[in-house]
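Student: Okay, structure incoming, though there's no sequence with it:
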C-alpha cells in the first residue's frame, strides 16, 4: 500500500471485497449453504464464517484493544488449517454442522465488519498491520473463487440440477486462430517484481535457464477434448501416468466433471443449468492426469510454470487455471514466516502441481502472471483448462 | 379397522399423525433439516419427504385416478429401500442434497395431505385400501421416532451443543424397588393376537417352550452402568463377544453415546442440552455389545424376546427399547407379501437383534408387547436400554 | 472317557489324530504352507503350530512339572483368539511370517508329541485332565477341516490351479429320489445327550415346540443351483436379504466359489484340479445369503437347527455343512467356563448362523447330529451346502 | 558398449550380474522367498522370476528364433508394470502365490540363462540388441537393491527378528569433520554425458541456473536424528508439510523404520539382527516427510537434485539414497520411447521425489552422479538418508 492511499480508500476496498462474498451467495437457498458433498468442497456458510474469523483472529483480537470476541466457540468451528491457533474441525465434518446457522454467520460478518471499519479508522491501524490486512483481503478473494467452485459442485451434484443464475450465460466467442508461439533458449527471470501485494510463494525473483520452447496461443476447446474421448483416450494406458491410469480405472472417469451422456448427447452442467456441450467452448474441469494425457495424445506436453510466465504477455489468459507440468516447490531463498501466517503456503509444497492464470471464478484483480495456484493431481472441481506446449 | 370407524375418524387420525411429524420439527432451524452426520442418521427433511412419498406412491398414484404426481423427480430422492420402485438414492448421499428445499418439502406435504383427505372421503377409499393406509400411518410413526433420534444425533454432535427443547426436562422418578420376577418352565404363546394393526413380522402366534427364567422388574440405571465403567468393563475382554471386543478397540468406546467426561464429571447431552449424568436416570444409548457385556459383568444375561413378551404384563415398559438376546428371524409360517410392501420387514431378517418395548421417542399408541423392533448390534443412537434376566 | 479306556488307547488316539494333520499336509510344497490369501484363511504352517501350542499351553505347561517350553516366542506367534493368554498376532499378519520355518514347526510338533506321550503315561495324567485332552483333540480335528478348506483356497486361487491330489476324484453317485420328509407339530428335545465328548455349545438338552414342517431328503445339486443362476437369481433383489443383496453388488458374486466360466463352460476347481461342473454333483461353497436366496427362489426356506436335528435320523448327512436359518445363540442355561477354555465358543454367539451336519473335509467321527458349527453369513470357503425345508 | 568389448566379456558380465541375485538370496529359508508383508515389498521369489521374465520377454522371445517359452502362464505371474505386455497380477496379490515354487523359479532362471548364453554367442545377438541387454542388466541390478530392501523388511517385521547375515556388521567409521561446502551462483550443466549406460530419465544434459548454495560434506547421523526426536520433532507440526503432518498422525510415526524402544533403549533391526542404535552411525530408513521436517528443525533444507549433482564431486556419496527437494519430472526434451521399454520411467513422473546417490544395497557400479532414483514421499523401507543444504 503506497502512502497516497487514504483511510477512506482502505475502508472502501475492505467493504467492497467483503460485500462481494455475500453477493456470490445471494442466489442460494439456506439449505445450499450447509452441505458438503465431498471433502474438498466446503459448505458456503463455512467460507463466510472462516474468512470473517481470519480478520477477527489475526487483526482485531491481537491489535484492537477494545475488541470483544463474537463467540469463543467459533474459533473451533471456523479455523481451517492453522495448526497454530488450536484444534481445528476435521474438514470432513464441516458438512455435519447445522449450527451456527446462516443467519448467525451473517450477524458474525456484520459485527466483525463494523469493528473492522472502526479499527481501520482508529489509531491502532498502523503500517505494520497493512500486510496482514492485504493478506486477509486476498484470502477472502481466494475463498470467493472457492465459493463459486463449491456452489457449482453442490448444485451440479443435486439430481434436480438447479441453476445458479437464471439468465442465459454468454458463451465467450472463441477466436479460431490458434498457433504456437516460439521462445528461444536462454536466461529468463521469473517471480514477483514491482509493487502491490503478492503471496510469499511468488517472492524471490530469480533467473532460470530455459531451452527453446513453443506454447499455444489459445486454450484447448471442448471439441478438441471430445476428439480425445472419442479416440478412446480414457481406454489407452499409453497416454497416462501410471498413477493417472490407476485413477481412471478406480474412478471410472470418462469425461470432464459435470459432463453427462444423456439420450445420446454430451450434456454439461453449467451455472445456468444443464446444457449441451458446446464444441467451441473452452474446456473446463479436468484434472492434471487428464490434462497430461490429452497433451500426450496430441504428441505435445504441458508447459512448465517458468515457460508459462515468460510467455504470458504474448497470449490472453484468465479464462481457466492452466495446469503446468511444474511441481509446487519453493523458489530459491523461500522462507516461511513465523507464526500462523507462515502456514499459508509453504506447508503445501509437496505432491501438488502448479496452475497459472486465473479463471472466470477468480475475483477481478486478484491474479497476476506470477501467481502460483496449486492443487492435487486428481482434483477436477476447479475451473481448470489446458494450454499445450512443446 | 372396525366398521364403526367413520370417514371422519379416519381423516382425523390421518391428520393427527401427519401433523405430529411437523410438530417434532418445529423447534428446528432450516439448517438442522439438511445434514447427515453418519450414514444411519437421515436428514429431517428427508424423513418428511419420504413419509409423504409413501402415501403418494402406494396410495394416491395407483388408487386415486385424478391424482397428479407432485414432482416426478421426487421418487428418485425420497425412495428409501424399496428396490421394487426403481433406483434409490444411496443412503450416504442424502446429506448432500440441499434441494428440494425444506419449504418445497412442506409444500409437498401440504399437497399430498390435501389430496389424501380428498381421497379418504372419495369413493376410491375402499376396504382394500385400509391395510395400506394403516401401514402408511405406522410407517410415519416409525419415522417420527427416527426423527427424534436423528435430531438428537445432529444437535448432540454439534460443538455448540444446542438444546432441542428449552424447558427443563422432567426426569422420571425412579422407583427403587427393583426385583426379579420369576416365570416357571412350560409352554407359552407369543405373537400378535387380537384386533388392530400389526406388522407382518409379529404375525403367526405360536407356542414356545421356555425353561424357567427370572427377569428384572426395572431397567438398568445410569449409576449401575457407571459402576461397570468404573470397574473397567470397557477394558476387560472377558465380558464381551469377540465381535464386540473388536468394536470396543476400533471405536475406542468407553461410555454410552452422548456421555462426555468434562472437567472430572460425566456429562450427558440431552434434548435440553448438556447436563450432568443422573445416576438414578434410566440408562440410554448403548448398543447390543454393551448391553450384553454389562449383563455378563453382572453375572446375568439379556432376556430372549419370547421371555420378554411372556413377562411383559408384569412390569412397566415403554421408556427404552430393550435389547434382547434374540436374533431377528421369521416366526414360523412367516410369508413375505408380494410387491414393494413385502420388502418392509422380511429382508432385514439377518444379523440384527430384536428390541422389545418402546421408548420416550415412540409415538403414543404405536407400540405393543408383540412389537418386534430390530437393529444392528453396533448401533447406539436409538433410545435403548437394558433389562436383565437369568 | 469311560474307565475301561486304557492308557495305551489314549496314546494311540492322540498319536492317530496328531498324525492325520501331518498327512493332510503331505502333498504340499513348503511354499504352500506359508501364504494367507484372505484373512479367513490361515497358512497351513500356522494351523500345525497353533494346534501344538494348544497342548503345550493348556496341558503340558500347567500340568507336567518337568516340561520346558519349546520356544517362549511361539506363544506370541501361535496364540489365536485366546485373549486370556496374552497378546495375539493379528490374524491378517499370519501370512507375513516366514519364520518359524516349516521345518521348525515340525520339530515343535515332534517335541510336544514326545512330551505328551510321556505325560499321558505319567502319574500327572489324571482324570481332571481328560476333558482338556478331549478338547485339544477335537480342536485339532477342527483345524484338520480348516487345513483342507484353507489348502483348497490357497491352491484354488493360484493362477496355475495346481491339484492337491493327483488321482481322479470319485464323484459320489447321486441318488435321484429326492422327496420331502414330514414332521408333525409338537414338543421335541434337542441338545447333546449320551456319553462321549461334546462342545459346551451343545449342552443343555432342552424341549422345543415345533410347528409342523417338511425337510428334503437330499441336498441341492449343482444342476439345481445352475438353474437358479440361469434364471437370473443373482440379478433379482427379491430373493435376497437386503444385506445379501448389498453383498452381491459389492462382491460381483455370480456363482459358487471356485466356479469359473471359461470358454463357454462352467468349470469348477476341485482338489483334483479344474474340472467341468457336474450337474449331478452336490452343490458346495455357497454362503448363507446364497443358500437363503436359492431357497426363496424355490418358494421354500432353510430349516431351523431344531428342525434339522429332529429330522436328522431320517436322511443321510455328512457331505456338506448345511446352512440353517438359526442364528448362533446360547442354549438355555449355557454358561461360559472360567479361563481360556471358556473363550472357546460363547464369545462367537452373535451375527453368525448355525450349520449342521459335516462335510467331506470333516475328520471321521468328529461330528454328530447335535454338533453346532457356525460361520458368518458372507463366507463361502467352507464345504457348505443347502437342504430345503418348508 | 564399445566395439572392443568381446562376446566373452558380455557373457561374463551377464553371468556375474545374474549370479549376484542368487547370491543375495543364499541365506534365505524357502519360506522367506514367499511372503509380502506390505504392498511395496515383493516376495524375493517374485524378483527372481520377474527379472528372468524380462530377458525372456524382451530379448529371447522376439529375437531368438529357436527359443521356446518356459511356461506361458509365467507371463501372467511375473509381468509387473508393463501394461503393453498383457494383464498384470495385481501387486497386492503377489504374496498369495505359493506356486511357482522357489525350485521352479530357479529352474526357470537356469533355463533362461542357458538360452541367453547361447543367444549372446549366436548370430542373432546384433548391435541393436545391446541397449536392451544393458537395460535388462540394469533392471536386474535395480531388483538386487529391492531384494535387499525387501528381505530386510520381511525379516525385520518377523517377531523372531532373524538375522540375515551371521557375522558382525562393520559399522562404517564416521568422520567427524562435517562442514558446509559453498557453491556460487551461476550457470551449471546437469544430466548424463560421456559413454556407457544410463536410463532415459538422465538424458538431455542441459544448463541450469543456480543461486548460490551450501551443502553438507556428510550425511546426518543417528545421533543427530535422535536429538530431533528428543526435542519433540514428531509432535510439532511447524516442521512438517501439511501432508507429512497428516502422515505422522495417521501412522503414529515416532522414529525411523526398524527402530524399537525396548526397555528404555532405542534398538535398531539391522541385517545382523537387533542392535542398539549407534549415535555415530549414518541415519537410515526415513521418508521424505521426515527428511524435510528434520531439515526444517535444523533451520536448513534439502538440496535440489541440480545442486546435489553439481556438488557431488566434492563429497563422498554412496552410503544412502539422499532425499532431494526436487520432484521427479522430465528433463527438457525428454521423450518416452515407443513400446514396453518406454514405460520404464516416464510414466512415474508425478508425485514422487528424486533421490540421488546410492546405498549400501546398491550393486557396485550401478549408480552414478547423474542417476535419478525416485520414490513416493511416505516410503521408508529403502536405505535412505539426509544431506542438509542451505
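Tutor: Yep, that arrived. It should be emphasised that the depicted structure is a prediction, and the values quoted were computed from it without experimental measurement. Numbers count the residues shown, from 1 in each chain, chains lettered A, B, ... in the order given.
Student: Spell out which helix or strand contains residue A:225, please.
Tutor: helix A:222-230 (DSSP states H and E).
Student: what's that helix packed up against?
Tutor: Identification of packing neighbours for helix A:222-230 by 3 or more Cβ pairs under 8 Å, 6 or more residues apart in numbering or on different chains; DSSP states H and E yields helix A:288-297. Glycine gets a C-beta too; all of them are placed from N, C-alpha and C.
Student: tell me the mean pLDDT for the very next helix or strand once past the helix it packs on?
Tutor: The element immediately downstream of helix A:288-297 (helix or strand, assigned by DSSP H and E) is helix A:305-311. Taken as a whole, helix A:305-311 carries a mean pLDDT of 98.
Student: Helix A:305-311: which residues count as buried?
Tutor: Of the residues in helix A:305-311, those buried by neighbour count under the rule 16 or more other Cβ atoms under 10 Å in any protein chain shown are A:305-311.
Student: Can you read off the pLDDT for residue A:175?
Tutor: Per-residue confidence (pLDDT) for residue A:175: 60.
Student: no wait, residue A:337
Tutor: Residue A:337 is assigned a pLDDT of 76 by the prediction.
Student: Now it. Its backbone dihedrals?
Tutor: Reported as degrees, to the nearest 10, the phi and psi values for residue A:337 are phi -70, psi 160.
Student: How about the contacts made by the residue nearest in space to the middle of chain A?
Tutor: When Cα atoms, centre = their mean is applied to chain A, the residue found nearest the centroid is residue A:145 (5.4 Å). When contacts are counted by Cβ atoms under 8 Å, 6 or more residues apart in numbering or on different chains, residue A:145 is found next to A:359, A:361-363, A:366.
Student: low-confidence ranges in the stretch 151-300 of chain A?
Tutor: The stretch 151-300 of chain A contains residues with pLDDT under 70 at A:167-176.
Student: Residues of it that sit close to chain D?
Tutor: With the criterion set to Cβ under 8 Å from any Cβ of the partner chain, the stretch 151-300 of chain A comes near chain D through A:187, A:206-211, A:237-238, A:240-245, A:288-289, A:292.
Student: what about the nearest residue to residue A:301 once chain neighbours are set aside, neighbour count?
Tutor: Closest residue to residue A:301 apart from its sequence neighbours, by Cβ to Cβ, 6 or more residues apart in numbering or on different chains: residue A:295 at 5.1 Å. A count of neighbours around residue A:295, defined by other Cβ atoms under 10 Å in any protein chain shown, yields 23.
Student: Distance check, residue A:295 against residue A:144.
Tutor: Applying Cβ to Cβ, to the nearest Å, one obtains 30 Å for the distance of residue A:295 from residue A:144.
Student: what does residue A:118 give?
Tutor: To residue A:144, residue A:118 is 24 Å away according to Cβ to Cβ.
Student: ditto for residue A:292
Tutor: For residue A:292, the distance to residue A:144 equals 29 Å [Cβ to Cβ].
Student: Ok, residue A:280 next?
Tutor: Summarising the geometry, the distance separating residue A:280 from residue A:144, computed by Cβ to Cβ, is 28 Å.
Student: quick check: domain ranges of chain A?
Tutor: As given by automatic domain parsing, the domain ranges for chain A are A:7-156, A:180-385.
Student: among the ones you listed, which is nearest residue C:274?
Tutor: domain A:180-385 (28.1 Å; Cβ to Cβ).
Student: can you tell me the residue of chain A closest to chain C?
Tutor: Among all residues of chain A, residue A:252 sits closest to chain C, at 14.2 Å; criterion: Cβ to the nearest Cβ.
Student: what's near enough to touch residue A:22?
Tutor: The neighbourhood of residue A:22, defined by Cβ under 8 Å, 6+ apart, consists of A:48, A:106, A:109.
Student: Verify the assumption that it is located in a helix.
Tutor: Yes: counting by DSSP: H, G, I helix; E, B strand; the rest coil, residue A:22 is found in a helix.
Student: just checking, residue A:10 touches residue A:122?
Tutor: No: taking contacts as Cβ atoms under 8 Å, residue A:10 lies outside contact range of residue A:122: 11.9 Å.
Student: Compare these two and say which is more crowded by neighbours.
Tutor: Neighbours were tallied for residue A:10 and for residue A:122 using other Cβ under 10 Å; the higher tally belongs to residue A:10 (18 against 14).
Student: so how far is residue A:136 from that one?
Tutor: With distances defined as Cβ to Cβ, the gap from residue A:10 to residue A:136 amounts to 12 Å.
Student: Same check on residue A:152?
Tutor: As judged by Cβ to Cβ, residue A:152 and residue A:136 stand 25 Å apart.
Student: cool, and residue A:30?
Tutor: Noted for residue A:30: a distance of 26 Å to residue A:136, by Cβ to Cβ.
Student: neighbour-wise, which of those two wins?
Tutor: When residue A:30 and residue A:136 are compared on other Cβ under 10 Å, the one with more neighbours turns out to be residue A:136, at 23 against 19.
Student: From the contacts of residue A:22, pick the one nearest residue D:129.
Tutor: Proximity of these to residue D:129 (Cβ to Cβ) peaks at residue A:48, which lies at 66.5 Å.
Student: so when I look at that closest one, I'm seeing a helix, right?
Tutor: Yes: with three-state DSSP as the criterion, residue A:48 is part of a helix.
Student: which SS state does the residue lying closest to it once chain neighbours are set aside fall under?
Tutor: The shortest distance from residue A:48 to any non-neighbouring residue, by Cβ to Cβ, 6+ apart, is to residue A:105 (5.2 Å). On the three-state scheme (three-state DSSP), residue A:105 is labelled helix.
Student: and what of residue A:354?
Tutor: Residue A:354, by the three-state scheme (three-state DSSP), is strand.
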